[in-house]
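S.K.: below: sequence and its predicted model.
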Amino acid sequence: KAQSYKIVIKAKGYKDGQVTQVIIPEVKPAPTLTADKKDNKVGKTINITFKDNSKWRSSITNITVNGKSIKG
C-alpha cells in the first residue's frame, strides 16, 4: 500500500519548504506458472508448476479459479 509522507525543511530567514512524498512498496513478480498438460479431465487433480521460491510460496493467501476461491 502506498504511503504519503509530509516533509518540511526549516531554514532561518526562509519560509518552510515542504513536499509530500509518496512511497510505493516494492511489488515483486510472481514466478512463471506452467499449466498441467497431462490427463486434464473433470474430477482429476491438476498440477501447476513453477521454479520453487519459498518466500513466494509462503506468501500465498488465496487461489482462485475463474474468480472463485478454492481450498488448497
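M.R.: Everything's here; your move.
S.K.: so, low pLDDT: which residues of this structure?
M.R.: The model of the chain has pLDDT under 70 over residues 72.
S.K.: helix or strand for the residue nearest the centre of it, which one?
M.R.: Taking CA atoms, centre = their mean, the centroid of the chain lies closest to V27, which sits 5.1 Å from it. Per DSSP states H and E, V27 falls between elements, in no helix or strand.
S.K.: and it, how far from D39?
M.R.: 35 Å (CB to CB, to the nearest Å). No exception for glycine: its C-beta is placed from N, CA and C like everyone else's.
S.K.: ok, now I63?
M.R.: 20 Å.
S.K.: of these two, which one has the most company?
M.R.: I63 (11 against 8; other CB atoms under 10 Å).
S.K.: all strands for the chain, in order.
M.R.: 3-9, 17-23, 64-65, 68-69 (DSSP state E).
S.K.: tabulate those strands (JSON lines), appending mean neighbour count.
M.R.: Below are those laid out as JSON lines (neighbours: other CB atoms under 10 Å):
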{"stretch": "strand 3-9", "mean neighbour count": "9"}
{"stretch": "strand 17-23", "mean neighbour count": "9"}
{"stretch": "strand 64-65", "mean neighbour count": "8"}
{"stretch": "strand 68-69", "mean neighbour count": "8"}
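S.K.: redo these as TSV? Include distance to R57.
M.R.: As requested, the strands of the chain are exported to TSV (distance: least, CB to CB, whole Å):
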stretch	distance to R57
strand 3-9	27
strand 17-23	27
strand 64-65	17
strand 68-69	18
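S.K.: what sits against the residue lying closest to V8 once chain neighbours are set aside?
M.R.: Leaving out its chain neighbours, the residue that sits closest to V8 by CB to CB, 6 or more residues apart in numbering is Q18, at 4.6 Å. Q18 makes contact with 6-9, according to CB atoms under 8 Å, 6 or more residues apart in numbering.
S.K.: how close does the residue of the chain positioned farthest from its centre sit to V19?
M.R.: Distance from the centre of the chain peaks at G13, with 45.9 Å (CA atoms, centre = their mean). Distance, G13 to V19, using CB to CB: 20 Å.
S.K.: having no further points to raise, I will conclude here.
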